[in-house]
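In: Below are the sequence and a predicted model; questions follow.
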Amino acid sequence: MTPSLVRSLFAVGASAALTAGATAQDRVEDLLSQMTLEEKAGQMTQLTLSALSSGRQWTDTEHELNVEALRKAIVEDHVGSILNQFDAAFTPDYWREIITAVQDIATEETRLKIPVVYGVDSVHGANYVIGATIFPQNLSLAATWNPSLSTIAGEITAFETRAVGIPWNFSPVADVARQPLWSRYFETFGEDPHLVSVMAAESVKGQQQAELNVAACGKHFIAYSMPRTGKDRTPTQIGMVELLDVFAPPFQAMIDAGVDTMMINSGEINGVPVHASHEILTGLLRDRMGFEGVAVTDWEDVIKLHTMHKVADSEKEATRQAILAGIDMSMVPYKTDFADHIVELVSEGAISEERIDLSVRRILRLKDKLGLFEEPISGPEHVQHIGKQASLDASLAAAREGVVLLKNENNALPLASGAKILVTGPTADALPPVYGAWSFSWQGAEAGLYPDTPTVLDAARTQFGAANVSYVPGASFNEELDLAAVTSAAADADAIVVCLGEPPSTEGPGDILELELEPAQLALAQAAIDTGKPVVLVLIENRPRVFTQVDAGAAAVVWLGEPGPFGPQALAEVLAGTLNPSGRLPFTYPRQNGSVVTYDRKWSEGSPEVFANGPQRPLYQFGSGLAYTTFGYSGLRVTDRGDALTVEVTVANTGERAGHEVVQLYVSDEFASVTPHVHRLKGFEKVALEAGESKTITFELTKDDLSVIDRTGRKIFEPGGFGFRVGDQATRIDWGN
Ligand code: BGC
């Protein structure tokens, strides 16, 4: 299915919504004027499906809706929003049954007939819909360095989510990954603010195409990705300059792309829980960044101001703090007393009714924009288009473009045709690590919920012929199993493919104590290396796990992250050489546990020479990745056009087969009022080049692009010298004096 077809499938719903748009203001104001305070408070309340259910969905149980609890929540407690599955993916038809029950009660049994806005985490495809198209996790999508894949993934995800009746998607994660210990690293688009901004904004544009009637949700505002210890939802300490320079740009890019909703960081920044910070939720998000949509809390985070963060001595006081800080809706998510607290707080004069109206107006406008008043659940005819071949092809394309070949000594890859391969390791014959968390269940670990797609081992057998592929488990994630069997099986093999990595996990359950890969896996890799056969290390992991100890002995290293259903096929194609790899690392791969430094470090953290050659140099650099061809650069030229700069460079495919190069433009601000980064990515373009072909690529940079956050927090352009680098080309200019 082509993207435009995806859009056209929802054209009918869209025209209804557009007509509604013309009268949106009137409808919302009209409703607001009729609503009781209790009804308004209910609109700001979001419950989770499990609170409205009497049985969970799992491998051996079927979900059961508690219709009485649902009716009470919607009719008596005026609840305006519901979220989530319970606990595993549903079929499209069953989703529609649930949403129909919800919307029927809301639009037929309540006084004002306001539809519910249902939200879900479709974070890499509609991952809670059985049969939906699953995409690579964001980190692997970012490794494609192809923004159009983020647009298409967003579009198909939104289509398939809306097809089952859900108009609100808690995605994309726009957190910038700077702390690899953090369990949600794989949910990000990597460590660089520009790359994250581009990919996140494209996801929003893809999801929020008018015809689809879906709201995206940028999350988690702000600096959630940088807990000091790396443990999820633990304190972040961060200065204003870094906050605005590193973490704000992706959120700004999503706001500029029109993102309808934002979810708030569950953690604290500099001692203040973000959910209680007026400075961040109103001063920064609304006043400075211009966000006008709905700000929803994360899971239980109003209550946690009282129970965990302990800045409020009661849940009611927590409610007061969060609302005055700037939240519009609370993902409560199990009970409705949040709404009761609002009513009391307004009656006591602690919160004005105007403040409540502000939030309710935003929520009603969202419902209106999504076409829910006209069509609370869109037509069943869309279900048949879920998981269509063309959508699967888009996921395959993303998996293919995201394979990063980090090392290829003496052209160990591609493997010769007819080669005999020994496949081993904990990620070789398992699907959950390949898909990652948020796959059919929250942690994604339940293999019994997965569809029957090929593992790496299956894909290798298909690609190379079953007779040429042998398999020995070797090690589980944390235990050696049969290293001796690996050694003996290697005798018949021409190469050993060692599949390392992590089981899927996220949030608290994904916290780890050590960045280094488990000793059992390092032992497995070493045993393979010790056989003297060429070893290909394959990394299927949630974040960069340190494996330096076995890197030198490996002939080739391939990083996949969590590439989704087609990752194994894409890997097999790269191993066989039918696919020329074109992924690039969206993060810096650390060499040591104790030396995690991002590529855009400060000068005190290492000049380019020290960074590239010193003992603390990363194992693999941000932006790196090889192909089965070579590329060369020439003619880097910067032209001053007054208000903007034009940067031109010519890239050539100097090898013997067609391939893709990612042209990356890095800029250094030579001197600045705050310490400048050694360099920063300011533009990139993925270019297809036939053997021998060359193309000239042009980037436009404005003064805004080269601005800094100064010591007072203003974003300003400081005239002076700027250095430019693309590949091995470098030049500089003075600008703005
Ligand atoms: C996560 C969010 C998610 C929410 C709803 C939270 O625990 O932090 O990213 O959207 O749950 O499932």
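Out: Cool, got the structure.
In: Quick one: neighbours of the spatially closest residue to Val117 that is not a sequence neighbour, just the number.
Out: Spatial nearest neighbour of Val117, excluding adjacent residues (CB to CB, 6 or more residues apart in numbering): Ser81 at 4.9 Å. For the C-beta atoms, the positions are set from N, CA and C on the backbone; glycine is no exception. Neighbour count of Ser81, defined by other CB atoms under 10 Å: 25.
In: Got phi/psi on Ser81?
Out: Backbone torsions for Ser81, taken as degrees, to the nearest 10, come to phi -150, psi 150.
In: ditto for Trp168
Out: phi -130, psi 120.
In: State the pLDDT value of it.
Out: On pLDDT, Trp168 comes in at 98.
In: same check, this time on Gly606
Out: Per-residue confidence at Gly606 stands at 87 (pLDDT).
In: was I right about the residue nearest to Val117 contacting Val120?
Out: No: judged on CB atoms under 8 Å, Ser81 makes no contact with Val120 at a distance of 11.3 Å.
In: about what we covered before: residues touching the residue nearest to Val117, list them.
Out: Gln43, Thr45, Gln46, Leu47, Val116, Val117, Tyr118, Gly119, Trp168, Met329, Ile363 (CB atoms under 8 Å, 6 or more residues apart in numbering).
In: got it, and Lys304?
Out: So Lys304 contacts Ser266, Pro273, His275, Ala318 (CB under 8 Å, 6+ apart).
In: Kindly write the PyMOL command that selects the buried subset of the residues you listed.
Out: Buried subset of the contacts of Lys304, written as a PyMOL selection, criterion 16 or more other CB atoms under 10 Å:
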select buried, resi 266+273+275+318
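In: Mark which of the contacts of Lys304 are part of helices, please.
Out: In helices, judged by DSSP state H, the following of the contacts of Lys304 are found: Ala318.
In: can I get the contacts of Lys304 in a markdown table with distance to the ligand and pLDDT?
Out: As requested, these are arranged in a markdown table below (distance: CB to the nearest ligand atom, whole Å; pLDDT from 0 to 100):
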| residue | distance to the ligand | pLDDT |
| --- | --- | --- |
| Ser266 | 6 | 98 |
| Pro273 | 14 | 98 |
| His275 | 12 | 98 |
| Ala318 | 17 | 98 |
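In: Pick the one among the contacts of Ser81 closest to Gln384.
Out: Tyr118 (21.1 Å; CB to CB).
In: one step back: common neighbours of Ser81 and Val120, please.
Out: With CB under 8 Å, 6+ apart, Ser81 and Val120 have common neighbours Trp168.
In: Count the residues that sit near Val456.
Out: Val456: 28 neighbours (other CB under 10 Å).
In: gap between it and Thr578?
Out: According to CB to CB, to the nearest Å, Val456 stands 16 Å off from Thr578.
In: repeat for Trp735
Out: For Trp735, the distance to Thr578 equals 46 Å [CB to CB].
In: Those two: who's more crowded?
Out: Counting neighbours by other CB under 10 Å for Trp735 and for Thr578 shows that Trp735 has the greater number, 18 against 11.
In: Helix, strand, or coil at the spatially closest residue to that one that is not a sequence neighbour?
Out: The spatial neighbour of Trp735 that comes closest, neighbours along the chain excluded (CB to CB, 6+ apart), is Phe722 at 5.8 Å. For Phe722, the assignment made with DSSP: H, G, I helix; E, B strand; the rest coil gives strand.
In: beta partners for Phe722?
Out: Asp669, Ile733 (DSSP bridges).
In: wait, doesn't it sit right on Glu670?
Out: Yes: with contacts counted by CB under 8 Å, Phe722 reaches Glu670, the gap being 6.6 Å.
In: Would you mind telling me which of those two has more residues around it?
Out: Per other CB under 10 Å, whichever of Phe722 and Glu670 has more neighbours is Phe722, with 21 against 11.
In: so who does the more buried one touch?
Out: When contacts are counted by CB under 8 Å, 6+ apart, Phe722 touches Val667, Ser668, Asp669, Glu670, Leu706, Arg732, Ile733, Asp734, Trp735.
In: Restricted to strands, list the contacts of Lys304.
Out: Pro273 (DSSP state E).
In: which one of the contacts of Lys304 sits closest to Ala132?
Out: Nearest member of the contacts of Lys304 to Ala132, counting by CB to CB, is Ser266, at 27.0 Å.
In: and the closest one, what does it touch?
Out: Ser266 neighbours (CB under 8 Å, 6+ apart): His220, Tyr224, Arg233, Val274, His275, Asp298, Trp299, Asp301, Lys304.
In: Likewise for Trp145?
Out: Contacts of Trp145 (CB under 8 Å, 6+ apart): Leu195, Glu401, Gly583, Arg584, Pro586, Val662, Phe684, Lys686.
In: Now do the helices in the stretch 551-700 of the chain.
Out: 567-576, 608-613 (DSSP state H, counting those that start in this stretch).
In: Using CSV, please lay out those together with distance to Phe440 and mean neighbour count.
Out: Compiled in CSV, those are given as follows (distance: least, CB to CB, whole Å; neighbours: other CB atoms under 10 Å):
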stretch, distance to Phe440, mean neighbour count
helix 567-576, 16, 26
helix 608-613, 41, 12
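In: So which of those is nearest the ligand?
Out: Of all the helices of the stretch 551-700 of the chain, the one in closest proximity to the ligand, counting by CB to the nearest ligand atom, is helix 567-576 (22.8 Å).
In: follow-up on the earlier one: could you identify the buried members of the contacts of Ser81?
Out: Gln43, Thr45, Gln46, Leu47, Val116, Val117, Tyr118, Gly119, Trp168, Met329, Ile363.
In: Please report phi then psi for the residue in the stretch 1-150 of the chain that the ligand sits nearest to.
Out: Nearest to the ligand in the stretch 1-150 of the chain, going by CB to the nearest ligand atom, is Asp121, at a distance of 4.8 Å. With angles defined as degrees, to the nearest 10, Asp121 sits at phi -90, psi 90.
In: For it, which non-adjacent residue is spatially closest?
Out: Phe170 (4.7 Å).
In: my read: the one you found touches Val117, true?
Out: No: counting by CB under 8 Å, Phe170 does not reach Val117; the two are 11.9 Å apart.
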